[in-house]
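> Whatever this is, show me its structure:
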Amino acid sequence: MKTNLFAVPRPALFNQYQLHTKNIEVAKGTLLPMSVIGHGKPVLLLHAYGMDAREFLPFILPLLGHYTFYLPHLRGFGAAKDIELSEFDFLRQYADDLHVAIEQICLARNIDALPVAAISMGAQVMWAYFSRYGSARVSRYLNIDQSPAIHNQPDWQGGLFGTRQREVFAVFHEVVNMTLPYIQLESFTHLPFALKRRVTDVERQFSLLSVNRKRSKAIVQILTHQNDHRLVFYDHRIWQHKMRCLQAYLNLEYDFRAVIEKVTIPVVNLIGGRSQLYDAKWQQQVTQMLPSATEIVLPHSGHAVPMDEPIGFYKALKGFLENEL
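Below you'll find the predicted structure:
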């Protein structure tokens, strides 16, 4: 008998606080890990660039008695860190993987659609998903600090890093070009020391731009600091994948504004009021462009909303899900 990966056991036999990570076949021979926890209505959460899907756990633990959370690990990150991309357009591949995951959840749970919340790169994946597959399988959507268009254009200055885009993209181009000759190396430890320092410094600066609160910046500094001795032995498992994603961000258009008017489901646009990655004023324009959208602005939060405003993020997620009932 074929096992149903997403079937939810009866409560008497199920510890709702136990995390299960299961594999789903998203392509022939490719199994994508998905963590599942909770008991109740199904909800899907999509993580950010460089993030592990299980980092959502502190925010969803109080909700596990009412919802089952499905946390897919996107290729190259988290539990899927050893799964490589087979396409340069990683957003398209992620959207295709997500389509398979959503279809399997809906089939297993006998539902037509489920609510989805996604942050940063995960939210960009959702814009790509809506572009390719529509919104019929998504009942509501929580978009967390993400514009549908990455690159600034004459009619759009709300892209990644806003007015600083050219400056920051120049740094990204530099580090991508520096790492290309070494992209096939098996280990980060084999890179020249100066290059390892440059890569980790750029990653630290990106993380610092993602937060606004002083306490968040202090945490980022502690978590990302690598003295010379530690850096020599630092095994950065996902550096190649991050560089490939960054290269695609820099070279592909990634403009999903055309799909906005077709996303007719209820959308909550959760905005970091002091986001340095996506200007809040341009994100508010996206709210106005969506057919059925409301917005929540956390005025003191940067782009990394869960880190800068953990209570505000939890309340926004809880309210989003309660409105689904």
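> Name the nearest residue to residue 273, sequence neighbours excluded.
residue 299 (3.8 Å; C-beta to C-beta, 6 or more residues apart in numbering). No exception for glycine: its C-beta is placed from N, CA and C like everyone else's.
> In a helix, residue 44, correct?
No. Under DSSP: H, G, I helix; E, B strand; the rest coil, residue 44 sits outside any helix and is assigned strand.
> That one contacts residue 72, doesn't it?
Yes. Using C-beta atoms under 8 Å, residue 44 is in contact with residue 72, at 7.3 Å.
> Can you pull the residues that touch both of those two?
Shared contacts of residue 44 and residue 72 (C-beta atoms under 8 Å, 6 or more residues apart in numbering): residue 101.
> who has more neighbours, these two?
residue 72 (29 against 23; other C-beta atoms under 10 Å).
> buried stuff in the strand or helix carrying residue 315?
Using DSSP states H and E, residue 315 maps to helix 310-322. For helix 310-322, burial by neighbour count (16 or more other C-beta atoms under 10 Å) applies to 312-314, 316-318, 320-321.
> Ok, stretch 21-39 next?
Residues of stretch 21-39 classed as buried: 24, 26, 30, 32-39 (neighbour count, 16+ other C-beta under 10 Å).
> and those residues, which two are the farthest apart?
By the measure C-beta to C-beta, 30 and 39 form the most distant pair in the buried residues of stretch 21-39, at 29.0 Å.
> Could you dump the buried residues of stretch 21-39 into a markdown table and include distance to residue 16?
What follows is the buried residues of stretch 21-39, written out as a markdown table (distance: C-beta to C-beta, whole Å):
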| residue | distance to residue 16 |
| --- | --- |
| 24 | 21 |
| 26 | 26 |
| 30 | 30 |
| 32 | 23 |
| 33 | 20 |
| 34 | 17 |
| 35 | 14 |
| 36 | 11 |
| 37 | 7 |
| 38 | 6 |
| 39 | 4 |
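> From those residues, which land in helices?
Within the buried residues of stretch 21-39, no residue falls in helices by DSSP state H.
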